[in-house]
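Visitor: Mind looking at a prediction? Sequence and model below.
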Amino acid sequence: MRRLAQSVLLACLSLLASAAIAFDNGQYDDVAPDIRAWFKSVTAPNGVPCCDISDGHRTTYDVRKGAYWVPIDGEWMAVPERAVIRDRGNPVGEAVVWYVHHRGNIIISCFVPADAM
């Protein structure tokens, strides 16, 4: 489990490094400071940071047999319980999922439902 957390963190950090070049083209200038701060502060239940605003994706979701499911790249995926964050609130009012592509797999690191308290 610790090795997976480290892999997710390393993938996330490398994604952040490339995201700063690839995605920070001023498109987030209109994001309110409190929303930006929330995205930057969210951590998974195991304490691993969810990354940053460029990595959080607003999403639709479904609940199936008590588990959250989200569409990623056109495919519905189950959100691992270890990634569900229920206690950080959700100022955007939409579900947000953080994930990375790692060695041909999609790893969901964090998920905040739209109605998180």
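Guide: Cool, got the structure.
Visitor: When you work out contacts or count neighbours from here on, use the C-alpha atoms and nothing else.
Guide: Will do.
Visitor: And the residue nearest the centre of the chain, how far from residue 39?
Guide: Centroid-nearest residue in the chain, with Cα atoms, centre = their mean: residue 98, separated by 1.7 Å. Distance of residue 98 to residue 39, given as Cα to Cα, to the nearest Å: 10 Å.
Visitor: overlap in contacts of those two?
Guide: Common neighbours of residue 98 and residue 39 (criterion: Cα atoms under 8 Å, 6 or more residues apart in numbering): 51, 56.
Visitor: what about the helices in this protein?
Guide: Using DSSP state H, the helices of the chain run over 2-22, 33-41.
Visitor: Just the mean pLDDT for the first one, thanks.
Guide: When pLDDT is averaged over helix 2-22, the result is 41.
Visitor: quick one: the strands in the chain?
Guide: With DSSP state E as the criterion, the chain has strands at 56-59, 62-64, 67-72, 75-78, 95-102, 105-112.
Visitor: got the contact list for residue 63?
Guide: residue 69.
Visitor: beta partners of it?
Guide: Judged by DSSP bridges, the bridge partners of residue 63 are residue 68.
Visitor: From residue 84, how far out is it?
Guide: Using Cα to Cα, we find residue 63 at a distance of 12 Å from residue 84.
Visitor: Centre of the protein to the edge, which residue is at the far end?
Guide: Counting by Cα atoms, centre = their mean, the extreme residue of the chain relative to its mean C-alpha position is residue 65, 22.0 Å from that point.
Visitor: Count the neighbours of residue 76 for me.
Guide: Using other Cα atoms under 10 Å, residue 76 has 12 other residues around it.
Visitor: Nearest residue to it in space, please, no chain neighbours.
Guide: residue 70 (5.3 Å; Cα to Cα, 6 or more residues apart in numbering).
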